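K.L.:
Give the three-dimensional model of this entry:
(one chain, ligands or ions: 1)
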Amino acid sequence: MLVATRIKAVKEIVKKAKADKKSIGFVPTMGALHLGHLSLVRQAKRDTDFVVVSIFVNPIQFSPKEDYRSYPRTFIQDKALLQKEGVDLIFYPSSRLMYPKGFSTYVEEVRLSKYLCGRVRPGHFRGVCTVVTKLFNIVQPDISYFGQKDYQQALIIKRMVDDLNFPLKIKVLPTIREKNGLAMSSRNKYLTPQEYEKASCLYRALKLGKAIIDRGEREAKVIIKQMKEFIYKNLPLAKIDYISIVNANSLEDVQIIEDKVLLALAVYVGRARLIDNMVVRVRGGK
Ligand code: PAF
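P.N.:
Residues are numbered from 1 along each chain as shown. Next up, the predicted model:
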């Protein structure tokens with residue numbers, strides 16, 4: 001497994017792989033890898049001949065009050081995990097390399113980014129789109145892999161790839177969960193053992209929302225109210241950033257549920273801001 005910290009080195013290595021007729025799979029990450037990331041890597045290994053993983057905690061997708069400085073950085077462990085998975089190349093750039101002095105060009109998706117996390121994290125998706133564009137241009141993959149836990153991010157990146165004619169395919173893979181149902185996330189590292197146990201109620205709240213819909217309730221605000229009550233009952237110290245029911249394609253809030261909706265939530269548990277979601281199709285929906 002190769003580790004490159006320079007853009008030129010990545011381009012040369014990938015050029016050589018392509019000259020050898022190898023297809024390129026790419027998994028962009030911010031490191032602190034867990035089984036969710038590894039499931040993307042494993043799919044990339046199955047689909048493509050040469051797998052590249054980037055590890056870069058992207059400063060421009062964090063707002064000043066967020067956890068950029070304290071975000072877990074575990075490169076030595078990450079490298080060992082990726083080596084075991086048979087990854088071909090890690091791209092591990094510095095911030096200065098990605099954003100040199102004078103950097104002033106950004107990529108922004110303006111519709112889907114307005115909702116859900118975009119409402120409470122202004123500039124976040126602009127930072128994501130900008131770094132992912134740069135990474136796509138550097139790595140030039142055939143297929144890139146994202147997790148469904150970050151549903152909105154994956155939808156925005158797909159939109160961006162279509163809108164800007166990037167010559168690659170995006171694959172979105174299911175959320176990987178801990179035994180207690182908690183969605184795997186690098187930020188779970190912030191949780192105390194008690195918080196970790198209790199945070200399982202986020203997934204249970206999503207399942208509750210689905211069960212209420214399955215029983216025939218169609219009014220979004222009734223379902224959201226019950227999900228909120230459930231979370232506060234199980235996790236009184238939680239701070240709910242949002243619980244929303246949105247159209248799964250447009251991400252616009254829905255009042256009355258029909259077709260395919262996304263139940264999405266963002267909740268602070270201790271110092272961790274956790275997100276999770278579930279797609280729910282109602283009978284007759286596609
Ligand atoms: O999902 C993430 O880890 C990040 O947002 C990404 C896609 C690697 C961009 O920094």
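K.L.:
now the strands for the stretch 51-200 of the chain?
P.N.:
Using DSSP state E, counting those that start in this stretch, the strands assigned to the stretch 51-200 of the chain run over residues 89-91, 143-147, 169-173.
K.L.:
between those, which gets nearest to the ligand?
P.N.:
Between the ligand and those, the shortest gap by Cβ to the nearest ligand atom is with strand 143-147, which sits at 6.7 Å. For every residue, glycine as well, the C-beta is placed using N, CA and C.
K.L.:
and the closest one, which strands flank it?
P.N.:
Note on strand 143-147: by DSSP bridges, its sheet partners are strand 24-29 (parallel), strand 169-173 (parallel).
K.L.:
Could I get the strands of the stretch 51-200 of the chain in JSON lines, plus columns for mean pLDDT?
P.N.:
Conversion of those to JSON lines gives the following (pLDDT from 0 to 100):
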{"stretch": "strand 89-91", "mean pLDDT": "99"}
{"stretch": "strand 143-147", "mean pLDDT": "99"}
{"stretch": "strand 169-173", "mean pLDDT": "98"}
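K.L.:
Could you dump those into CSV with distance to the ligand added?
P.N.:
Formatted as CSV, the strands of the stretch 51-200 of the chain follow (distance: least, Cβ to the nearest ligand atom, whole Å):
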stretch, distance to the ligand
strand 89-91, 11
strand 143-147, 7
strand 169-173, 11
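K.L.:
export these to JSON lines and tack on distance to Ser250 and mean neighbour count?
P.N.:
Putting those into JSON lines (distance: least, Cβ to Cβ, whole Å; neighbours: other Cβ atoms under 10 Å) gives the following:
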{"stretch": "strand 89-91", "distance to Ser250": "33", "mean neighbour count": "23"}
{"stretch": "strand 143-147", "distance to Ser250": "19", "mean neighbour count": "22"}
{"stretch": "strand 169-173", "distance to Ser250": "17", "mean neighbour count": "16"}
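K.L.:
For the stretch 1-150 of the chain, which segments count as helices?
P.N.:
Listed in chain order, the helices of the stretch 1-150 of the chain (DSSP state H, counting those that start in this stretch) span 7-19, 35-47, 75-85, 95-98, 117-120, 124-139.
K.L.:
most packed of the ones you listed?
P.N.:
The densest packing among the helices of the stretch 1-150 of the chain, expressed as mean neighbour count by mean count of other Cβ atoms under 10 Å, is seen in helix 124-139 with a mean of 21.
K.L.:
Throw the strands of the stretch 51-200 of the chain into TSV and include distance to Arg273, thanks.
P.N.:
Compiled in TSV, the strands of the stretch 51-200 of the chain are given as follows (distance: least, Cβ to Cβ, whole Å):
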stretch	distance to Arg273
strand 89-91	27
strand 143-147	16
strand 169-173	21
